[in-house]
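> Have a look; sequence and predicted model below, questions after that.
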Amino acid sequence: MAERAYLALGSNLGDRLATLQRAVELLDARRGIDVVRSSRVYETEPVGPPQPPYLNAVIEVRTDLEPRELLKECLAVETELGRVRAERWGPRTIDIDVLTYDEREIDEPDLEIPHPRMHERAFVLIPLSDLTADPALPGGRRLDDVRLPPDAMFGVRPFAPALRIER
Ligand code: X6L
Ligand code: MG
Ligand code: MG
């Protein structure tokens, strides 16, 4: 498995922790994807429309898939876990976003890597920081360049240890 990617996981409906764990297992079972590490699991205040609190985590994967294929597999796992796409930014059983893919920058209408808003979201940056001190952020930014509002981290608190990875 050649390339390293980071994926963001989020759930705010149903058995949130079981769903995140199941997402790791389904991703790891896919051809061309190895899950290698997980951040801790955080409970996070919803950002955007009012909705229940989330559990968020970030995982590191190694993959032989191209970014577009990796995204397609993430969406397939979302469907397998019962995600129904209702209103935009609404609650969901599972959300799987491709944050970064190696150090590649991709700017296409249906595929933006690094994820264009990841550096504004404490629910992404805090779990990601469990795994790497120097993630590739949008526009060539590094972690030292980002300034979150001073209260952003209060909406993100540890909830459970790292998701289990089958060796
Ligand atoms: C104004 C308008 C300000 C919209 C912010 C922010 C919309 C984030 C969508 C926004 C706005 C999003 C998660 C979440 C969502 C998650 C937590 C989104 C997509 N996903 N909140 N809200 N964790 N804590 O995974 O990120 S909806
Ligand atoms: Mg998302
Ligand atoms: Mg998504």
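Great, that's in hand. Ligands and ions are numbered 1, 2, ... in the order given.

> Quick check: nearest residue in space to Ala162, chain neighbours excluded?
Leaving aside its sequence neighbours, Ala162 sits nearest to Ser38 (C-beta to C-beta, 6 or more residues apart in numbering; 4.2 Å). For the C-beta atoms, the positions are set from N, CA and C on the backbone; glycine is no exception.

> Show the contacting residues for that neighbour.
For Ser38, the contacting residues are Val24, Ala57, Val58, Ile59, Glu60, Ala162, Leu163, Arg164, Ile165, by C-beta atoms under 8 Å, 6 or more residues apart in numbering.

> Only the buried subset of the residues you listed, as a PyMOL command please.
Here is the PyMOL selection string for the buried members of these, based on 16 or more other C-beta atoms under 10 Å:
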select buried, resi 24+57+58+59+60+162+163
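
> So which residues on the chain come close to ligand 2?
Residues of the chain lying close to ligand 2 by C-beta under 5 Å from the ion are Asp95, Asp97.

> in the chain, which spans are strands?
Along the chain, counting by DSSP state E, strands occupy 3-11, 33-38, 41-44, 54-63, 95-101, 106-108, 111-113, 156-160.

> Buried residues of the second one, list them for me.
Think strand 33-38. By neighbour count on 16+ other C-beta under 10 Å, the buried set for strand 33-38 is Ile33, Val35, Arg37, Ser38.

> Then the last one?
Neighbour counts using 16+ other C-beta under 10 Å place Val156, Phe159 of strand 156-160 among the buried residues.
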